[in-house]
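Participant: dropping the sequence and predicted coords here.
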Amino acid sequence: MRHETIRHLKDRTTTALFVLPALIIFLFYFVYPIPTAAFYSFFKWDGLGDRVFIGFRNWGELFQDGFFWGAFLNNIKLLVLAVIIQLSIAMLLALFITGGTGRVRGIMRSFFIIPLMLSSVAVGLLWSHIYEFDYGILNTLLRTIGLEGLRRDWLGDPNLAIYSGIVATAWRHLPFFMILFQAAIVGIPVPLYESADVEGASAFQKFRYVTFPLIMPTLVNALILITIGSLKYFDIIFALTQGGPYNSSNLMAIYLYKKAFGQFRMGYGSAIATALFLIVFIVVVTIVRSLRRLQRRVAFE
Amino acid sequence: MKNLGKAIVFTLAVIWLVIDVYPLIFMVFVSMKSSKEYLSESIWALPDAFDLTNYVEVMKSGFYIYYLNSVFIVAISIVVLILAATMASYAFGKLRFKMNAPLYTLFMAGMMIPVHVTLIPIFRITNLIGLYNTRIGLVGPYVAFGLPVSIFLLTTFMAQVPNELEEAAIIDGANKWQRFAKIAVPISIPAINSVMIYNIVHYWNEFVYALILINDPDKRNVNLGLWAFYGDHQVDVPNVLAALALSVLPLIVTYIFLQQKIVKGMIAGSVKE
């Protein structure tokens, strides 16, 4: 009996050793920082010197900070437009790739995926050459085809900058959804299409009644990924506009970075970080959960 | 009617192909022009000659150091990540213990959390443990943020492996470590490959942690180096585009050779198997 207990104990220690390295790193760099950010949000602090406790002052400021809410609104714009632009183009391309077996389609697919290999910084900087006013690709193209009147200061106009950023973001990220959709379409059993053919279904009807319902779970999955991804987004829009001009293209994460590491207001930055965490958390437990339920239901049907 | 639909889809796909590829062609062409050539000729013009002067200049200015730094940081992060994630996944997928489900859920929750929430505390922690402005200082955050998706993939894979092999090994008297090293790891090689590819792409392209944790020019990774290069040379467009091309080249070349594997790895974390 005693012998058993000792063996059992030794057994448990080794199990712990398997999980421990990952757990320590994860707790230290991922879990601990979250309550810590919430804690810092009650201080005035430049990141290096002493912290001064100021109660809810950062939070009071945050609620009245038009730039923060402007950034929040930009996250929502990104979310809505990412869903519309990325999912529709990705679906179209996926249908194109899976629409035949020719070599051309395969080669085109290889090219479609290339933006996924570029870093966000590279994409942001590359698109700065597209949007540049005098020598940029877009304005030059408009001039070349005689639409000079449509030329804009794509990055310099506060009304346009966020949308310019959203388009660049879509360019980089939509191939990912194309691959997801392609994998889902390829997984649909061929006999389903054959029986649709027998019944004389048109290409559109086949999409509407066979493809679409069967890739619905993947579509919902993509929706969840875009929702969470858009709310916490930072990279390409930061590289392209740094949230400017005049804070017009901030996202919450960009504004957080600028306050914390541009102005060294770490306490206020922590309040933004905590708000960002809470917003994503609320969205995950409400919208994402109901989407998951929807996903299970359509998958079941 | 059917052909019309097909023609429309084909046309749209070709238009997208142009939007997709032209910026990269533009990058390569302009990077071979001289500054004078760029300013005096149309942007559509081909470069006068196949001229790599800009590339040589960019490399000479220290860009190669950024490559070495990136390779160093990515390599160490990947080794630590794969070790930690494979071990933990073996426990989650194959071993019974009380904290299995709660700990697994904790890691999975990490997939939802915005990494930027952690920036300020990680800046603070890194300063406190003396790793600010060191390349090694990036490894901790990189590994932490690679863990959730890696553990998800590896645990799912290991849980699907039939138990017979392990049971036979237990009868032969193999302990957990032997079963882990001799059975679980070799069987999981395909999943480990996907996890490696997924994370190498993300680590190579990472920017924001390098931005807040690295200060010295000679410790920058490729993206931070590119960012700084743009800050310093913005007016010389052909030159910055050469730097841009150099920064994206390694992954694009890898992609050309390992397309199938990379595509599989990129979406591995998002498809339910």
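Facilitator: Cool, the structure landed.
Participant: contacting residues for the residue lying closest to residue A:117 once chain neighbours are set aside?
Facilitator: Nearest non-adjacent residue to residue A:117, counting by CB to CB, 6 or more residues apart in numbering or on different chains: residue B:251, 4.3 Å away. C-beta: built from backbone N, CA, C; applies to glycine. By CB atoms under 8 Å, 6 or more residues apart in numbering or on different chains, the contact list for residue B:251 reads A:117-119, B:201, B:204-205.
Participant: could you look up the SS state of residue B:251?
Facilitator: Following DSSP: H, G, I helix; E, B strand; the rest coil, we place residue B:251 in the helix state.
Participant: how much space between it and residue A:275?
Facilitator: To residue A:275, residue B:251 is 34 Å away according to CB to CB, to the nearest Å.
Participant: where does residue 226 fall, secondary structure wise?
Facilitator: Unless you meant another one, I'm taking chain A. Secondary structure assignment for residue A:226, by DSSP states H and E: helix A:212-231.
Participant: wait, chain B
Facilitator: With DSSP H and E as criterion, residue B:226 is part of helix B:222-233.
Participant: can that helix be found next to chain A?
Facilitator: Yes - counting by CB under 8 Å from any CB of the partner chain, chain A is contacted by helix B:222-233 at B:222-223, B:226-227, B:230.
Participant: of these, closest to residue B:37?
Facilitator: residue B:230 (20.4 Å; CB to CB).
Participant: for residue B:95, give me its contacts.
Facilitator: For residue B:95, the contacting residues are A:15, A:18, B:176, by CB under 8 Å, 6+ apart.
Participant: I meant to write residue B:4 there.
Facilitator: The contact partners of residue B:4, by CB under 8 Å, 6+ apart, come to none.
Participant: cool, and residue A:275?
Facilitator: Residue A:275 makes contacts with A:62, A:68, A:252, as judged by CB under 8 Å, 6+ apart.
Participant: of those - the most surrounded one?
Facilitator: Neighbour count (other CB atoms under 10 Å in any protein chain shown) singles out residue A:252 as the most crowded of the contacts of residue A:275, with 26 neighbours.
Participant: so residue A:74 makes contact with residue A:249?
Facilitator: Yes - using CB atoms under 8 Å, residue A:74 is in contact with residue A:249, at 6.5 Å.
Participant: anything in contact with each of the two?
Facilitator: Common neighbours of residue A:74 and residue A:249 (CB under 8 Å, 6+ apart) are residue A:162.
Participant: turn the contacts of residue A:275 into TSV, columns for secondary structure and pLDDT.
Facilitator: Converted to TSV, these look like this (DSSP: H, G, I helix; E, B strand; the rest coil; pLDDT from 0 to 100):
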residue	secondary structure	pLDDT
A:62	helix	96
A:68	helix	97
A:252	helix	97
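Participant: count of neighbours near residue A:56?
Facilitator: By other CB under 10 Å, the residues close to residue A:56 number 12.
Participant: what's the nearest residue to residue B:259 if we skip its chain neighbours?
Facilitator: Of all residues not flanking residue B:259 in the chain, residue A:110 sits nearest, at 6.2 Å (CB to CB, 6+ apart).
Participant: and the strand or helix carrying the one you found, what does it pack onto?
Facilitator: Residue A:110 belongs to helix A:103-113 when assigned by DSSP H and E. Packing contacts for helix A:103-113, counted by 3 or more CB pairs under 8 Å, 6 or more residues apart in numbering or on different chains; DSSP states H and E, involve helix A:87-98, helix A:161-186, helix B:2-31, helix B:259-267.
Participant: and if we set it to 6 Å?
Facilitator: Contacts defined by 3 or more CB pairs under 6 Å, 6 or more residues apart in numbering or on different chains; DSSP states H and E place helix A:103-113 against helix A:87-98, helix B:2-31.
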